[in-house]
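> with the sequence up front, the predicted model follows.
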Amino acid sequence: MLEVWFTEQQAASVRLGLRVDAILAKEKTPYQELVVADTAAYGRMLVLDGAVQTTMTDEFVYHEMLTHVPLTIHPNPRQVAIIGGGDGGAVREVLKHASVDAVHLIEIDQRVVEIARHYFPALSESLSHRKAHVHFTDGIQWIRQVRNLDVVMVDSTDPVGPAVGLFQPEFYRSVAEALGPEGVMVAQSESPFLQPNVIQTVVRGMRTAFPVVRLYLAAVPTYPSGLWSFTLGAKHSLPGSIDAKRAVTPTRYWTPAVHAAAFVLPRFVEDLLA
Ligand code: SAM
């Protein structure tokens, strides 16, 4: 039997292999190489520049933990921005918070959104919601021109190409200026096993912009090593626990208890932050 396998080079000596049932799209956009494929194990998958961005089987972990953690830490999130995230999964989760008046998606690559609308309707239909506003521009430029946001999420590709600037201290300072007094930001910050230097760069950079910086973890099987980190920056200390009235439904991964546990770090990750 002929088998087709997708291979992601996750680190110099680490690869992820997924058996592919069908390749649905493959093109070079002005920013990156984009592939959509159906995989046997994880369902439909979006790949950019050879790196898995999302699969329909494990996307809920990443999207719920990227969004519900900062949104339940902020006392009353109304104005929200997502930098990157063109698949629409993060917007879908943000819209579960009744307090949100507007969610802005700032995606540099229009083709990612167009492809997501076609091949990932369960993620991208959120982008047609009346509260969702899609901007096709560089998030680094966009964030410099806005004020009074409540929550900013960086749902970016790895720190290559147009995403490099999203991992720089200047960007975090622009985000802090764009946020209101109770503002919270979160950025995906890669794997403590395979990209510990990225975590250190993000944490160090965010500390130049926010008095409170905390790391939290979640298990995302198709991301390098399966253990993924998020770095959160806040202008105030974090609440001790999540108000039960803020519980979000429906979710499949995030709960108030998972939220609290995600901030409990193994010693080797704490050591990275020292
Ligand atoms: N969940 C994903 C992950 O961690 O692998 C990220 C998904 S999302 C598809 C990432 C998006 O960030 C891409 O579509 C890319 O075009 C976008 N992006 C990269 N740099 C950007 C920038 N400077 N401004 C706005 N969007 C950017």
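Everything's here; your move.
> let me see the contact set for the spatially closest residue to Thr55 that is not a sequence neighbour.
Nearest non-adjacent residue to Thr55, counting by Cβ to Cβ, 6 or more residues apart in numbering: Tyr42, 3.8 Å away. (Glycine included, C-beta is placed from N, CA and C.) Each residue near Tyr42 by Cβ atoms under 8 Å, 6 or more residues apart in numbering is listed here: 18, 55-58, 221-222.
> which SSE is Leu232 in?
Using DSSP states H and E, Leu232 sits in strand 227-234.
> report the rounded mean pLDDT for that strand.
Mean pLDDT, strand 227-234: 98.
> following element in sequence after it, please.
Scanning forward in sequence from strand 227-234 by DSSP H and E, the next helix or strand is helix 256-262.
> quick one: secondary structure of Val152?
Here Val152 takes the strand state, with states given by DSSP: H, G, I helix; E, B strand; the rest coil.
> related to what we said a few turns ago, any idea how far Asp87 is from the residue nearest to Thr55?
Using Cβ to Cβ, to the nearest Å, Tyr42 is found at 14 Å from Asp87.
> for His63, helix, strand, or coil?
Three-state assignment for His63 (three-state DSSP): helix.
> one more: Glu270?
Following three-state DSSP, the label given to Glu270 is helix.
> the closest residue to Gln10 other than its chain neighbours - how many residues pack around it?
Spatial nearest neighbour of Gln10, chain neighbours left out: Pro224 (3.9 Å); criterion: Cβ to Cβ, 6+ apart. Residues near Pro224, counting by other Cβ atoms under 10 Å, number 21.
> and Pro224, what helix or strand is that in?
Here Pro224 is assigned to no helix or strand, by DSSP H and E.
> what about the residue nearest to Thr55, distance to the ligand?
Between Tyr42 and the ligand the computed distance is 13 Å (Cβ to the nearest ligand atom, to the nearest Å).
> if we can go back for a sec, against Ala81, how distant is the residue nearest to Gln10?
26 Å.
> what does Arg144 give?
From Arg144 to Ala81 the distance is 12 Å (Cβ to Cβ).
> which one's more surrounded, those two?
When Arg144 and Ala81 are compared for neighbours, Ala81 comes out ahead with 27 against 13, by other Cβ under 10 Å.
> that one should be in a strand, yeah?
Yes - counting by three-state DSSP, Ala81 is located in a strand.
> just the pLDDT at it, thanks.
Predicted confidence (pLDDT) for Ala81: 99.
> kindly report the same for Val100.
Val100 carries a pLDDT score of 98 in this model.
> wouldn't it be in contact with Pro77 here?
Yes - between Val100 and Pro77 a contact is recorded at 5.9 Å, counting by Cβ atoms under 8 Å.
> if I look at those two, which residues touch both of them?
Common contacts of Val100 and Pro77, defined by Cβ under 8 Å, 6+ apart, comprise Leu71.
> which one of these two is surrounded by more residues?
Pro77 (24 against 19).
> kind regards, and thank you for your time.
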